[in-house]
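Engineer: show me how the following folds:
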Amino acid sequence: MPGQLVIGNGNVVSTGPPAAPPDAASDAARLAEFAREVRRALPELDLPEERRAEIESLVEGILRPAGERPPDHQRVRALGQSLRTVLEGSTAGVLSSVLLAGWPP
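Structural biologist: Numbering: from 1, shown residues only. Here you go, the predicted model:
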């Protein structure tokens, strides 16, 4: 069954998506700040237009749900991970290293 979580010897069963951690709002806020930093640095990164458009789309995708109350933590986190992966695969140099160092743990 999709969304079913079984813990231990099957004695605890929860259906539906896992609950967001108690600090989901602060996590979404940190990811949104990371996305804003990427957006500010984008003109300085030497990227092909296709890659730049992909990054811009991911940034907007993070900022929209991160601004909701409560934020869609799972969506923001998944988009943030995608953004990090795209940056790691398409940028090099000091600026990208600085950006990636700002990735929230």
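Engineer: quick one, strands of the chain?
Structural biologist: Assigned by DSSP state E, the chain shows strands spanning 5-7, 12-14.
Engineer: buried sites along stretch 65-77?
Structural biologist: Residues of stretch 65-77 classed as buried by neighbour count (16 or more other C-beta atoms under 10 Å): 65-66, 71-73, 75-77. Heads up, the C-betas are built off the backbone N, CA and C, glycines and all.
Engineer: I'd like the mean pLDDT over it, please.
Structural biologist: When pLDDT is averaged over stretch 65-77, the result is 82.
Engineer: dump it to PDB, restricted to CA.
Structural biologist: Coordinates of each C-alpha in stretch 65-77 appear next as PDB, following Å, rounded to 0.1, in the frame of the first residue of the first chain:
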ATOM      1  CA  PRO A  65       5.500  26.200  -1.700                       C
ATOM      2  CA  ALA A  66       8.100  27.500   0.800                       C
ATOM      3  CA  GLY A  67       6.000  30.700   1.100                       C
ATOM      4  CA  GLU A  68       2.800  28.700   1.900                       C
ATOM      5  CA  ARG A  69       1.500  28.300   5.500                       C
ATOM      6  CA  PRO A  70       2.200  25.600   6.400                       C
ATOM      7  CA  PRO A  71       4.900  25.100   3.800                       C
ATOM      8  CA  ASP A  72       4.900  21.900   1.700                       C
ATOM      9  CA  HIS A  73       8.000  20.600   3.300                       C
ATOM     10  CA  GLN A  74       8.400  17.400   1.200                       C
ATOM     11  CA  ARG A  75       7.900  19.300  -2.000                       C
ATOM     12  CA  VAL A  76      10.400  22.100  -1.000                       C
ATOM     13  CA  ARG A  77      13.000  19.500   0.100                       C
END
